[in-house]
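[1] Give me a model of this one.
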Amino acid sequence: MEIKCEYCGSMIQESAEKCPYCGATNNAVKRTTDGTPKTIEQLQKWYEDRQLPPYEVTRFFIGINYTNPKAFGIYKDGNEFVVYKNKADGQRVIRYRGTDEAYAVNELYLKLKDEILNQKAHNQDRRSGVVNSSSTNSTDGNKRPPAKWSGVLKNGLFVLGIIAIIIVMFNYYKVDYYRYNDTIYVNSRYEWFEYDGYDYDVVDESDIPADMLDNKSTYGFDYSDSKWDSSITEFKDSNYYAEHYDSSDQDSDFDWDSGDSWDSNDTNWDSDW
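    You can find the predicted model right below:
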């Protein structure tokens, strides 16, 4: 079976690892490897496993052609799959209509994950707001509320702590690329990898050329640089990444806490997606 390359539009074999015309990774194969839901039924199961609120609360309708305003959804129409958004005014925007179920499901899957993270962030903000306001209330009527600067200091320390966590996480997850004597190396998650022309393999730091380690700025560059060889698989699109970092065991990041509230009014219902 042939499918359309998501990057250049050429027709390629569904089982091809890369597009033979532009060299881009075939995401249909990647989705199969990393456990991403490929069917409406699998997406429904993923939704249930995350213990998310009912569709009417999240406004994500999987397998349903929901026609009322404020909704995201996917359903099958004959041989085609339709991904849609109903805006606040009831206008429907079609994100995708076609026969590639895996692609259609992935469009809604990515949107759903983004919305889960957004809702989690809003819940965290609301909790922080409650804590900050309550911390100024005195439990003793004879005591005065804490000084203004005390609250400012606490908030400042909280912000600095969040920034420190973000920096640590950024340094952990970022991917640095290096080319040394036509060999491609990657440094990410405190590990080194070597590209073998097909995939990435873990290598010990002692096996990395000392000259490169001492002169990282000389040999390192951005993958998105126009001079980069597009035939080389990006680390995050590699089989190694899919098998070790992008597997279903990380889905717990999207598990819903029963104590949290989902407010669909936090969603931008005026945009096209």
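[2] the helices in the stretch 51-200 of the chain, which residues?
    Using DSSP state H, counting those that start in this stretch, the helices of the stretch 51-200 of the chain run over residues 55-58, 101-134, 148-173.
[3] the inter-axis angle of the second one versus helix 148-173?
    Just to be clear, that refers to helix 101-134. On the basis of axes from the mean of the first three to the mean of the last three Cα atoms, to 10 degrees, helix 101-134 is oriented at 160 degrees to helix 148-173.
[4] What separation do you get for the closest residue to R97 other than its chain neighbours and R126?
    Nearest residue to R97 in three dimensions, chain neighbours excluded: V82, at 5.0 Å (Cβ to Cβ, 6 or more residues apart in numbering). Just so you know, the C-beta spots here come from the backbone N, C-alpha and C atoms, and that holds for glycine as well. From V82 across to R126, the span is 34 Å (Cβ to Cβ, to the nearest Å).
[5] Compare neighbour counts for the two and give me the winner.
    Higher neighbour count among V82 and R126: V82, with 18 against 13, using other Cβ atoms under 10 Å.
[6] any idea of the pLDDT on the more buried one?
    On the pLDDT scale, V82 is placed at 98.
[7] so who does it touch?
    N65, I74, Y75, K76, I94, Y96, R97, A104 (Cβ atoms under 8 Å, 6 or more residues apart in numbering).
[8] in the stretch 151-273 of the chain, which spans are strands?
    Ranges of strands within the stretch 151-273 of the chain are 176-180, 183-188, 191-195, 200-203, 220-221, based on DSSP state E, counting those that start in this stretch.
[9] closest to L108 out of those?
    Closest to L108 of the strands of the stretch 151-273 of the chain, according to Cβ to Cβ: strand 183-188, at 28.6 Å.
[10] starting at the chain centroid, how far to the closest one?
    Computed by Cα atoms, centre = their mean, to the nearest Å, the chain-centroid distance of strand 183-188 equals 22 Å.
[11] and that strand with strand 191-195, angle?
    For strand 183-188 against strand 191-195, the angle by the same axes, to 10 degrees is 150 degrees.
[12] Can we start the residue count at 33 from this point?
    In the new count, where the first residue is 33, that last one comes out as strand 215-220.
[13] So in that sheet, which strands flank strand 215-220, and in what orientation?
    With DSSP bridges as the test, strand 215-220 is paired with strand 208-212 (antiparallel), strand 223-227 (antiparallel).
[14] now those strands as TSV including mean neighbour count?
    Putting those into TSV (neighbours: other Cβ atoms under 10 Å) gives the following:
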stretch	mean neighbour count
strand 208-212	18
strand 223-227	18
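[15] Can I get the ones you listed in a markdown table including mean pLDDT and distance to S290?
    Below are the strands paired with strand 215-220 laid out as a markdown table (pLDDT from 0 to 100; distance: least, Cβ to Cβ, whole Å):
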| stretch | mean pLDDT | distance to S290 |
| --- | --- | --- |
| strand 208-212 | 93 | 40 |
| strand 223-227 | 94 | 36 |
